[in-house]
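Novice: A structural model of the following input is requested.
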Amino acid sequence: MMSEVLVIIPAYNEEENIERVVGNLEANYPELDYVVVNDGSKDSTAELCRKNGYNLLDLPVNLGLAGGFQAGLKYAWLRHYSYAVQFDGDGQHRPEYIEAMRKKMEEGYDIVIGSRFVTEKKPRSMRMLGSNLIAVAIRLTTGVRLKDPTSGMRMFSRKMIEEFALGLNYGPEPDTVSYLIKQGARVAEVQVAMDERIAGVSYLNPVNAAKYMSKMLFSILLIQNFRKRDRRYKKKAGGEEK
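Specialist: Sure thing, here's the model as predicted:
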């Protein structure tokens, strides 16, 4: 029987992590369906997935997170999943929180973010400073307060799956969340814990993290104001105040 939740695992050069991530899902959360989106990896990520019989979308070239995740959402759309979860292939996201996110979705939300800071305090660091600045930018432009806007663990409703699958230029990033809130999407957060990356190298080194935060701020404060609005979302924007 097909699950109503699809876990989408974009993976680029995750040969050191992918077996642990997918093995945990298969062994301990068989009620969840998943798909690994190999985003043109140059290592043995795809080979390991095929060897283990994982459910795999093997992209021939690297599309980046936006393209890889959109491919996963097209898969979710065509197979009629009710919810889709953005789930990192590096092992940082923990599947035990997916059920709580799904239950929150049933309250009428379109996006539920797995947030590290609903009940926990943010540590002081340059990266968290950037997160705070993005949260302020979203609050200024949408009126919605998000505690952890840069969290990559997000669940999307069927309506949002359609929007990403059939729309163009929808990267699963804070600026897109901000844009969708303006279109009427309702967003909530659920407290989660995340693990540190055990193996491999994160793209977000200090230099790239600073570039990412600057890009998000510029997009939220300026670019999103000129983005064409989707007529399907006419209701008043809403989110959950904390």
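
Novice: all the strands of the chain, residue numbers only.
Specialist: Remark: strands assigned in the chain by DSSP state E are 5-11, 33-39, 56-59, 83-86, 111-115, 154-157, 186-191, 238-239.

Novice: angle of the first one against strand 33-39?
Specialist: Here strand 5-11 runs at 20 degrees with respect to strand 33-39, directions being taken by axes from the mean of the first three to the mean of the last three Cα atoms, to 10 degrees.

Novice: what packs against strand 5-11?
Specialist: Strand 5-11 makes packing contacts with helix 18-28, strand 33-39, helix 64-78, strand 83-86, helix 98-105 when contacts are defined by 3 or more Cβ pairs under 8 Å, 6 or more residues apart in numbering; DSSP states H and E. For every residue, glycine as well, the C-beta is placed using N, CA and C.

Novice: try 6 Å
Specialist: strand 33-39, helix 64-78, strand 83-86 (3 or more Cβ pairs under 6 Å, 6 or more residues apart in numbering; DSSP states H and E).

Novice: these: which one's closest to E16?
Specialist: Nearest to E16, of all the helices and strands packed on strand 5-11, is strand 33-39, at 14.3 Å by Cβ to Cβ.

Novice: check the offset of the closest one from the chain's centre.
Specialist: Centre-to-centre, strand 33-39 and its host chain are 13 Å apart (Cα atoms, centre = their mean, to the nearest Å).

Novice: packing partners for it?
Specialist: Where contact means 3+ Cβ pairs under 6 Å, 6+ apart, strand 33-39 is packed against strand 5-11, helix 45-52, strand 56-59, helix 64-78.

Novice: what would these look like in a markdown table with mean neighbour count, mean pLDDT and distance to I111?
Specialist: As requested, these are exported to a markdown table (neighbours: other Cβ atoms under 10 Å; pLDDT from 0 to 100; distance: least, Cβ to Cβ, whole Å):
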| stretch | mean neighbour count | mean pLDDT | distance to I111 |
| --- | --- | --- | --- |
| strand 5-11 | 27 | 97 | 14 |
| helix 45-52 | 18 | 98 | 28 |
| strand 56-59 | 18 | 97 | 22 |
| helix 64-78 | 20 | 94 | 13 |
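
Novice: can you list the ones you listed in TSV and add distance to K121?
Specialist: Listed next are the helices and strands packed on strand 33-39 as TSV, based on distance: least, Cβ to Cβ, whole Å:
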stretch	distance to K121
strand 5-11	29
helix 45-52	36
strand 56-59	38
helix 64-78	28
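
Novice: nearest to E31, of these?
Specialist: Closest approach to E31 among these is made by strand 5-11 (8.1 Å; Cβ to Cβ).

Novice: nice, that's everything, thank you.
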